[in-house]
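> show me how the following folds:
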Amino acid sequence: MKKTFLIIAILAPMFAWAQTENDMLDFSTVYYHGTAKSAAMGNAMGAVGSDFSAIAINPAGLGLFRKSYVIWTPEFYSISTESKYKGSTGEDRTFKVPMNNIGLSWTQEINDGSLTSVSFALGINKLNNFTFDSYVKGDNPNTSLVYAYGTEIDENGITSVNALENYSPNQIYPLYQTYVIDTINQDGCYTWVPCGGINQQYGVSKRGTAKEFSFATGFNFNEKLFLGVSLNVPYFDKNTTTEYKEKNLNSGDFNNWSQTEYIKNSGYGVNAKIGAIVYPAKWLRLGAAFHTPSLYRVTESWYTETRSSMSFGNFSYESPTGTYNYTVTTPLRLNASAAFIFGNFGMITGDYEYVDYSKMRASSHDFDYSNLNDFIRDMYKASSNIRIGTEWRWQTLVFRAGYAIYGSPFGFDKENLKTTSYSCGFGYTYHNFTIDLAYVMSKRDNNYDLYSQYTLYPAYYGENYDLVDDTKVKETTNINQVVISFKLRLD
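Residues are numbered from 1 along each chain as shown. Model (predicted):
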């Protein structure tokens with residue numbers, strides 16, 4: 001057996017919030033997944049209107065509708081991830097065929113004073129796709145995750161098994177039940193796992209989507225001013241499976257251990273959006289929209305399965321399933337947009353969107369989330385999304401292209417989790433039927449510390465346990481989407 005170590009605390013205990021904080025970011029992040037027209041133009045639709053996706057960005061776009069339509073949009077979604085850790089490369093990929101949107105819009109001519117027409121829309125737009133798979137692997141000559149847990153145990157004054165069970169029933173306590181951690185007492189924490197010389201593997205698999213059911217109304221005033229408002233019910237369902245493994249590369253009493261975590265989130269909420277589009281000139285449209293924060297009611301459940309193999313036997317333990325409910329408030333969004341119109345031939349359009357992720361909040365009537373909210377306030381910052389698109393017509397064909405940057409939730413000047421997208425597509429209309437096709441290619445980088453996925457305490461090594469292990473992971477995600485919209489004019 002090896003004694004892990006006694007250390008000096010340098011970080012606050014945050015693991016209790018790690019999963020909730022990551023989930024809240026998922027719920028608050030919006031990558032518009034709408035019609036093929038919108039996708040091909042980089043979703044720069046704030047001043048464009050006359051498209052069902054535009055309702056999710058600026059409901060005033062509904063006022064530009066002239067006819068009644070029904071639309072349906074399936075998508076082919078492929079995602080691949082490459083991770084580099086300790087000189088090794090891990091890869092994973094997955095493929096899905098989700099539905100982006102389905103909707104119905106209808107327009108009523110008014111011609112009463114300045115009010116020309118009123119349009120209504122009812123339907124669903126997808127806001128985020130949680131589908132994601134990643135795989136990390138590498139040989140660590142210095143430490144094990146157990147040594148970071150040892151830091152956490154020591155710094156929180158845990159000196160008994162009962163205290164450990166109360167402190168971390170799903171994460172660290174199962175390691176005691178499977179002999180990965182052998183002893184906890186006043187002198188410290190003991191483990192069979194060696195300090196280095198192990199192979200580490202980490203995998204994440206997410207499935208689920210966030211969508212929004214909308215009822216929207218748009219008003220057309222003399223073909224010069226368009227106003228819109230929508231009442232929305234966003235909802236989501238997400239399942240996450242995370243697996244961590246360690247294997248001894250040398251001989252000894254310890255062979256390997258693994259822990260699989262299963263998390264299910266689901267929720268629904270409410271928000272509203274208001275917007276305006278004006279024509280200051282025939283060649284120019286200007287748009288603005290305000291999205292209220294979404295208020296979600298979230299239900300979350302999770303448990304872990306832990307296994308180990310030692311020279312003296314194999315062991316397993318399944319933790320109790322924890323279930324709790326809480327409320328999430330997402331940040332508000334501000335959108336400003338412009339479209340430069342070139343007669344009936346084409347347009348160039350751009351959107352700017354502001355969002356402050358530090359405003360995410362969690363709350364519950366029976367639990368104090370103030371520490372988590374303070375952590376979010378310090379960790380996340382204001383950011384912006386920029387989207388640019390263009391469209392050009394030739395007879396019954398329309399050609400489109402777009403570019404988008406979804407900024408990092410850690411600040412304007414940060415690169416981590418920033419997403420860049422390139423898109424193109426075309427549309428064809430025959431009588432009352434239109435088909436649109438788009439291709440979108442996106443890239444996202446994510447650099448993180450492997451141990452921080454489980455604890456924010458460091459793992460020490462060295463002769464005097466005075467060195468902090470470098471467990472950084474560099475992850476690159478590539479997303480390919482093929483989007484097809486079928487639109488039928490009803491009048």
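> buried set for stretch 321-335?
326-331, 333, 335 (16 or more other CB atoms under 10 Å). (Glycine included, C-beta is placed from N, CA and C.)
> got it, and stretch 452-462?
In stretch 452-462, counting by 16+ other CB under 10 Å, buried: 452-461.
> same thing with stretch 359-370?
Buried residues in stretch 359-370 (16+ other CB under 10 Å): 359-362, 369.
> how deep is the closest residue to Thr396 other than its chain neighbours tucked in, by neighbour count?
Nearest non-adjacent residue to Thr396, counting by CB to CB, 6 or more residues apart in numbering: Thr429, 5.1 Å away. Neighbours of Thr429 under the rule other CB atoms under 10 Å: 15.
> so how far is Ser485 from Thr429?
As judged by CB to CB, to the nearest Å, Thr429 and Ser485 stand 12 Å apart.
> can you give me the strands for the stretch 301-450 of the chain?
313-318, 322-329, 333-342, 346-356, 361-363, 382-394, 397-406, 419-430, 433-449 (DSSP state E, counting those that start in this stretch).
> please identify the pairing partners of the shortest one and their relative orientation?
Strand pairing for strand 361-363, using DSSP bridges, gives strand 322-329 (antiparallel).
> same deal with the last one?
Here the strand partners of strand 433-449, with direction, are listed using DSSP bridges: strand 419-430 (antiparallel), strand 472-489 (antiparallel).
> need these in CSV (columns: distance to Thr73 and mean pLDDT).
Formatted as CSV, the strands paired with strand 433-449 follow (distance: least, CB to CB, whole Å; pLDDT from 0 to 100):
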stretch, distance to Thr73, mean pLDDT
strand 419-430, 12, 97
strand 472-489, 4, 97
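> can you add distance to Leu284 and give these back as TSV?
Shown next, in TSV, are the strands paired with strand 433-449 (distance: least, CB to CB, whole Å):
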stretch	distance to Leu284
strand 419-430	23
strand 472-489	26
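> and those: which comes nearest Pro194?
strand 472-489 (21.6 Å; CB to CB).
> just how off-centre is that closest one within its chain?
Mean-position distance between strand 472-489 and its chain equals 13 Å (CA atoms, centre = their mean, to the nearest Å).
> next one: phi and psi at Gly157?
Main-chain torsions, Gly157, degrees, to the nearest 10: phi 70, psi 30.
> neighbours around it, how many?
Gly157: 8 neighbours (other CB under 10 Å).
> and the pLDDT at it?
Gly157 carries a pLDDT value of 91.
> with only the CA atoms kept, save stretch 421-433 in CSV.
Included here for stretch 421-433 are C-alpha records, laid out as CSV according to Å, rounded to 0.1, in the frame of the first residue of the first chain:
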residue,chain,number,x,y,z
SER,A,421,-19.1,27.6,-38.9
TYR,A,422,-19.1,27.8,-42.7
SER,A,423,-22.2,27.1,-44.8
CYS,A,424,-23.6,27.0,-48.3
GLY,A,425,-26.8,25.8,-50.0
PHE,A,426,-29.5,26.4,-52.6
GLY,A,427,-33.2,26.5,-53.0
TYR,A,428,-35.6,25.6,-55.8
THR,A,429,-39.3,26.5,-56.1
TYR,A,430,-41.8,24.8,-58.3
HIS,A,431,-45.3,26.3,-58.2
ASN,A,432,-46.4,26.1,-54.5
PHE,A,433,-43.5,23.8,-53.4
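> need the contact partners of that stretch.
36-37, 39-42, 389, 396-406, 434-443, 483, 486-490 (CB atoms under 8 Å, 6 or more residues apart in numbering).
> and the closest residue to Ser309 other than its chain neighbours, which of the three is it?
Excluding the flanking residues, the one nearest Ser309 by CB to CB, 6+ apart is Asn255, at 4.0 Å. Classification of Asn255 by DSSP: H, G, I helix; E, B strand; the rest coil places it in strand.
> next one: Asn255 from Ser316, what distance?
14 Å.
> who touches both of these two?
Contacts common to Asn255 and Ser316, judged by CB under 8 Å, 6+ apart, are Ser308.
> so what pairs up with the closest residue to Thr349 other than its chain neighbours in the strands?
Of all residues not flanking Thr349 in the chain, Ala339 sits nearest, at 4.0 Å (CB to CB, 6+ apart). Beta-bridge pairing for Ala339 (DSSP bridges): Arg285, Thr349.
> quick check, Glu165 in a helix?
Yes: using three-state DSSP, the assignment for Glu165 is a helix.
> nearest residue to it in space, please, no chain neighbours.
Glu165 sits nearest to Tyr173 (CB to CB, 6+ apart), 4.7 Å away.
> so the one you found makes contact with Asn162?
No: look at Tyr173 against Asn162 with CB atoms under 8 Å: they stay out of range, at 9.8 Å.
> more neighbours: the two, which one.
Neighbour count, other CB under 10 Å: between Tyr173 and Asn162, Tyr173 has more, with 22 against 11.
> which phi and psi does Gly150 have?
Gly150 adopts backbone torsions of phi -60, psi -40, taken as degrees, to the nearest 10.
> what about it, distance to Tyr202?
Taken as CB to CB, the span from Gly150 to Tyr202 is 19 Å.
> how many neighbouring residues does Trp283 have?
12.
> hmm, I was thinking of Ser168
Other residues close to Ser168 by other CB under 10 Å number 24.
> what's the answer for Phe312, then?
Around Phe312 there are 9 residues (other CB under 10 Å).
> cool, Ser408 as well?
22.
> residues contacting it?
Per CB under 8 Å, 6+ apart, neighbours of Ser408: 383, 414-418.
> right, and Asn222 touches Thr116 too?
Yes: the pair Asn222 and Thr116 passes the contact test of CB under 8 Å, sitting 6.0 Å apart.
> neighbour-wise, which of those two wins?
Shown here are Asn222 and Thr116; by other CB under 10 Å, Thr116 has more neighbours (18 against 10).
> is the residue lying closest to the more buried one once chain neighbours are set aside part of a helix or strand, or is it coil?
Among residues not flanking Thr116 along the chain, Asn220 sits closest, at 4.3 Å (CB to CB, 6+ apart). What three-state DSSP gives for Asn220 is strand.
> thought Asn220 was touching Asn111?
No: between Asn220 and Asn111 there is no contact under CB under 8 Å: 10.2 Å.
> can you list residues touching both of these two?
Ser117.
> which one's more surrounded, the two?
Taking neighbours as other CB under 10 Å, Asn220 and Asn111 compare with Asn220 leading, 27 against 8.
> for Gly275, see how far away that one is.
For Asn220 relative to Gly275 (CB to CB), the value is 13 Å.
> kindly report the same for Ala336.
In terms of CB to CB, Ala336 sits 10 Å off from Gly275.
> neighbour-wise, which of these two wins?
Using other CB under 10 Å, the more surrounded residue of Ala336 and Gly275 is Gly275, with 30 against 16.
> a strand runs through the more buried one, doesn't it?
Yes: the assignment for Gly275 is a strand, going by three-state DSSP.
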